[in-house]
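*Asks:* sequence and predicted structure below; questions after.
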Amino acid sequence: MKRTLKFAGAALAILSLIAPAKASDVIRIGTTAGPYAEILRYAGDLASKQGITLKITEFTDYTVPNVALSQDDLDINLFQHQPYLDNQIAQRGYDLVSIAKGIIVPIGLYSNKINNLSELKTGASAAIPNDPSNGARALQLFEKAGLIKLKPDVGIKATIADIIDNPKRLKIVELDAAQLPRSLNDLDFSAVNLNYALSAGLDPKKALLLESADSNWNLVFAVRAKNKDNAALKKFVEIYRSPEVKEFTEKRFNGTILTTW
């Protein structure tokens, strides 16, 4: 009996060396509500077939995901573009880096009161996001629409103070990004990030103006600097940036969300 047990124990030891059990890699990812999370869920289903369990946390603002990532409550996040990440790092001292590009989620100009920007009257009211990078992004779209002119070369640092020409004498206010869809009942138009637009039932196809595919404001995957070469994170990013996820995104959102791969 003892010999049998000894043999069985030895056999199990050999098997464990030949084919060690591998637990699934668990990745905690943060994002914001709406299409960002929906695309992640689809990518997570694909990842589960390759030994990765994705745990998604959805946030309702743009500040907490980086706090959670820096405090090790998340392994990675996908909700921000590079200028926003750079601004957060500069202001808060986060030791975070981006490791890959994600989707382009166009910001757009929306209105419940007009159907075309040509209908805007002098003194019309408008809103933009109150965070520095998305505020600059919105102002650049205002300029593209011919509504304002910004100081030359101000770029991603543009603020309301950088407007040098405002022929319509627009009254521009800054609001929290999540509140912008609600502002449409009170203002003539607002610049709304696509995830919040979709969550509020707005139709991007009916936007007064949307960013185009040449936008540089693509989302990025951010991680703590020490994890920039983490194999499981890199594997998941590869799955996310796959033809399957690209096809899902294009079909599900009817071309309103753009991919960078």
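*Replies:* Now that the structure is in, tell me what you want to look at.

*Asks:* quick one: which helix or strand includes Leu141?
*Replies:* helix 132-144 (DSSP states H and E).

*Asks:* ok, and what's touching the next helix or strand after that helix?
*Replies:* Later in the chain than helix 132-144, the nearest helix or strand by DSSP H and E is strand 149-150. Contacts to strand 149-150, defined as Cβ atoms under 8 Å, 6 or more residues apart in numbering, come from residues 139-140, 143, 158, 162-166. Where C-beta positions appear, they are placed from N, C-alpha and C, glycine not excepted.

*Asks:* ok, strand 149-150: who's next to it in the sheet?
*Replies:* Strand 149-150 pairs in its sheet with strand 163-165 (antiparallel), by DSSP bridges.

*Asks:* starting at the chain centroid, how far to the strand it pairs with?
*Replies:* 29 Å (Cα atoms, centre = their mean, to the nearest Å).

*Asks:* can you show me the helices along the protein?
*Replies:* Along the chain, counting by DSSP state H, helices occupy 2-18, 35-48, 64-70, 82-92, 132-144, 180-183, 194-199, 231-240, 243-252.

*Asks:* for the stretch 1-150 of the chain, which spans come out with low pLDDT?
*Replies:* Residue ranges of the stretch 1-150 of the chain with pLDDT under 70: 1-23.

*Asks:* the closest residue to Tyr42 other than its chain neighbours: how many residues sit nearby?
*Replies:* The spatially closest residue to Tyr42, leaving aside those adjacent along the chain, is Phe248, at 5.1 Å (Cβ to Cβ, 6 or more residues apart in numbering). When neighbours are counted by other Cβ atoms under 10 Å, Phe248 registers 18.

*Asks:* quick one: Phe248 and Ile257, what's the gap?
*Replies:* According to Cβ to Cβ, to the nearest Å, Phe248 and Ile257 sit 10 Å apart.

*Asks:* mutual contacts of the two, please.
*Replies:* What both Phe248 and Ile257 touch, as defined by Cβ under 8 Å, 6+ apart, is the set Ile39.

*Asks:* out of the helices of the chain, nearest to Asn112?
*Replies:* helix 180-183 (9.6 Å; Cβ to Cβ).

*Asks:* and the contacts of the closest one?
*Replies:* So helix 180-183 is contacted by 110, 127, 129, 175, 190-193, 196-197, 199-200, 202 (Cβ under 8 Å, 6+ apart).

*Asks:* report the buried residues of that helix.
*Replies:* 180-181, 183 (16 or more other Cβ atoms under 10 Å).

*Asks:* nearest to Asn230, of these?
*Replies:* Leu180 (34.9 Å).

*Asks:* let me know whether Ile164 touches Val154 as I believe.
*Replies:* No: under the criterion of Cβ atoms under 8 Å, Ile164 makes no contact with Val154, lying 9.4 Å away.
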